[in-house]
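Novice: What would the 3D arrangement of this be:
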Amino acid sequence: MACQKEEEVPVADEQLPKLTAKIDNVVWEADESIMAVIDNKNGENQLTIFSTNKKEELLSLNAINVTGTGTYTYATNRDENNGQFSRTWMQHYYSLFTDDFTLTVTKFDKSAKKISGTFSFHAEAAFDESVINITDGNFTDVPFEVH
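Specialist: Numbering: from 1, shown residues only. All right, here's what the predicted structure looks like:
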């Protein structure tokens, strides 16, 4: 009598969060940590997305009044909608200095607490006024907490 081996049925993996962008046309990927927080303690729904890679570089995105899908730009809120990139603890680039930032939320799943979208911005260094271009930014299924 031959034993029949049970066929393994693949289990669908939960979609892992992902964040990528091109920094001066070089692909950058968050491969260490990605998370989002929506701070609503003042009724502002301030979204902040933090991401890091194994080189300890940090890319963060901020937008205010995020309650669903939509586009958030520097023009719609100069002080709150912005991006930042840090290569080291001494090399910080900010979109606040360049007046250029766009973040589009394409998916806002309140029940699963996951957010997806796109972004781009130019950022100027605080230390020497050099500028980097961050384009083709994409974040997918980033988990968020509401505080």
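Novice: what about residue 110, distance to residue 99?
Specialist: Computed with Cβ to Cβ, to the nearest Å, the distance linking residue 110 and residue 99 is 32 Å. Glycine gets a C-beta too; all of them are placed from N, C-alpha and C.
Novice: Give the burial count for the closest residue to residue 86 other than its chain neighbours, as a bare number.
Specialist: What sits nearest to residue 86 in space, not counting adjacent residues and going by Cβ to Cβ, 6 or more residues apart in numbering, is residue 58, at 4.4 Å. The local packing of residue 58 (other Cβ atoms under 10 Å) involves 19 other residues.
Novice: residue contacts, residue 58?
Specialist: The contact partners of residue 58, taken as Cβ atoms under 8 Å, 6 or more residues apart in numbering, are 50, 51, 52, 84, 85, 86.
Novice: tell me which strands and helices the one helix or strand residue 120 maps to is in contact with?
Specialist: With the criterion set as DSSP states H and E, the secondary-structure element containing residue 120 is strand 114-125. Contact partners of strand 114-125 among helices and strands, from 3 or more Cβ pairs under 8 Å, 6 or more residues apart in numbering; DSSP states H and E: strand 82-88, strand 91-94, strand 101-109, strand 131-146.
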